[in-house]
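Colleague: Whatever this is, show me its structure:
(one chain, ligands or ions: 1)
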Amino acid sequence: MSSAFQMMTVPKFVSLKKTGRKIVMVTAYDYTMASLVDAAGVDGILVGDSVGMVVQGHSTTLPVTMRQMLYHTEMVGRAVQRALLVADLPFLSYQLGTRQAIRNAGLFLKRTRAQAVKLEQGPAQLEITRALVAAGIPVMAHFGLRPQSIHQLGGYRVTREGEQIIQDALAAQEAGAFAALLEYVPADLARRITEELRIPTIGIGSGPHCDGQILVLHDILGLGRIPRHAKAYLNLAELVRSAVEQFCQEVRDGVFPGPEHSFS
Ligand code: KIV
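Modeller: Sure, this is the predicted structure:
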């Protein structure tokens, strides 16, 4: 089997930093999309709690539950043959303490094909990261804009100062995190964090200097409003609308189904 099709592991993912080859991640939430993005050659797939916004239609990620995350991660896991699969710990699945965090993070590794979890990291979560790593659960630590703290932050903004974020990231690395996800961190600060850390940084809205990049799949595909940090490589919204409009027209005109779609 060629190395291009070997399963990504946490150690291989971490070692990509040394090679200088940029790491690519996307989100996915279901079997069909996960099969396609895995075959496209991404290094990692995140089943993000962004599922609450882009799939469920909520205005924040807060309503997403463990049950829902397990359901989506199971589906994605059935599709993944190559990429590292990371599951997001949803709001209130780890904030109650290390026992709760280990139980919930462990469920992803037990019941799905996830190899790691992601959590929104501040100083208060260091003990949790340490406990998860000690339990054998790889942790990706998420810094910068932390959507699960939206009400405390008063909106989608980064409130920790630059120097604090660097210290937070170094502390998470010492606690055993294998990667740092940087959301909406100013590009120069993301460059400094990337230089300071041994573990890879994966940026979203954090400029070009991170070791890798992640985007929400719906943004790449042009489904819905595209945020400034993202790039739509396709206008899938338009293609879907047009395909379904054609289907409506053909059914109403009696063109579909034709004889080739019917059975005798
Ligand atoms: O939940 C998610 O999809 C995320 C991305 C913004 C990286 O955390």
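Colleague: Report the buried residues of the helix or strand of the chain with the lowest mean pLDDT.
Modeller: Ranked by mean pLDDT, DSSP states H and E, the helix or strand of the chain with the weakest confidence is helix 150-153, at a mean of 89. By neighbour count with 16 or more other Cβ atoms under 10 Å, helix 150-153 contains the buried residues I150. C-betas here are computed from N, CA, C, even on glycine.
Colleague: Helix or strand next in line after it, which one?
Modeller: helix 162-175 (DSSP states H and E).
Colleague: residues in contact with that following helix?
Modeller: 121-123, 126, 129-130, 133, 139, 141, 143-144, 158, 160, 180, 185-186, 189, 192-193, 196-199, 201 (Cβ atoms under 8 Å, 6 or more residues apart in numbering).
Colleague: Stretch 39-50 now?
Modeller: 4, 8, 13, 16, 23-29, 34, 37-38, 61, 64, 69, 72-73, 76, 80, 82-91, 114, 118, 147-148, 202, 212, 214, 216.
Colleague: show me which of those neighbour the ligand.
Modeller: T27, D88, I214, V216 (Cβ under 6 Å from any ligand atom).
Colleague: The second one contacts V117, doesn't it?
Modeller: Yes: A contact is recorded between D88 and V117 when judged using Cβ atoms under 8 Å, the distance being 7.3 Å.
Colleague: Looking only at stretch 57-72, what residues are buried by neighbour count?
Modeller: Quick answer for stretch 57-72 (16+ other Cβ under 10 Å): T61, L62, V64, M66, Q68, M69, L70, Y71, H72.
Colleague: which residues sit in contact with A179?
Modeller: F13, V14, M140, A141, I199, P200, T201, I202.
Colleague: Could you count how many residues lie near the residue in the stretch 1-150 of the chain that the ligand sits nearest to?
Modeller: Nearest to the ligand in the stretch 1-150 of the chain, going by Cβ to the nearest ligand atom, is G48, at a distance of 2.2 Å. Around G48 there are 30 other residues, counting by other Cβ atoms under 10 Å.
Colleague: Please work out how many residues are found near L132.
Modeller: 27.
Colleague: ditto for the one 10 residues further on
Modeller: Residue crowding around H142 was assessed by other Cβ under 10 Å; the count is 28.
Colleague: any idea how far A243 is from L236?
Modeller: 10 Å (Cβ to Cβ, to the nearest Å).
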